[in-house]
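Enquirer: generate a structure from the sequence data that follows.
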Amino acid sequence: MKKNVLFLLPAVALAACHPEDRSGEQPLPPTVRAVDCQIVADSCLMTGEVVASPNSRVRERGFRYGNDTLRLEVQSADTVALFQAYTQPLRPGRYFMVAYATNGVGTATADTLWFVVP
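Expert: Numbers count the residues shown, from 1 in each chain. Model (predicted):
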């Protein structure tokens, strides 16, 4: 019986190993893109996308938005690549939004999108 167990152990170990060597890959901050911002009454529905997060799980995603005198941040509850969040009710004017994502390596931001609340 002991010989059979010793014989099976190397076979199980070989089957459990992943054949692709990833030891040379370096983890990087995520790549994020701002997709859209849609005006909904006096708020804006912001949409972003995590394009890639090499070798590190995304821990947080959200948006920074505001204008010349207002700076706010909202974290998205979504846990998938495409994520969304609403702004607080805003007064009429021109605002910016920047999508961001954070993984174990760092935080990355997308390009700035501008929107107007009528």
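Enquirer: when you work out contacts or count neighbours from here on, use the C-alpha atoms and nothing else.
Expert: Will do.
Enquirer: next up, the contacts around Tyr100.
Expert: Contact analysis of Tyr100 by C-alpha atoms under 8 Å, 6 or more residues apart in numbering lists 32, 61-64, 107-110.
Enquirer: which among these end up buried?
Expert: Using 16 or more other C-alpha atoms under 10 Å as the burial test, those include 32, 61-64, 107-110 as buried.
Enquirer: all strands of this structure, in order?
Expert: 31-40, 43-52, 58-66, 71-75, 82-86, 93-103, 107-117 (DSSP state E).
Enquirer: out of everything not next to it in sequence, what's closest to Asn55?
Expert: Spatial nearest neighbour of Asn55, excluding adjacent residues (C-alpha to C-alpha, 6 or more residues apart in numbering): Pro27 at 4.9 Å.
Enquirer: I'd say that neighbour and Ala52 touch.
Expert: No. In terms of C-alpha atoms under 8 Å, Pro27 does not count as a neighbour of Ala52; the distance is 11.0 Å.
Enquirer: where does pLDDT dip in this structure?
Expert: Residues of the chain that meet the criterion pLDDT under 70 lie in 1-23.
Enquirer: ok, back up a step: how much space between the residue nearest to Asn55 and Thr109?
Expert: Note on Pro27: its distance to Thr109, by C-alpha to C-alpha, to the nearest Å, is 17 Å.
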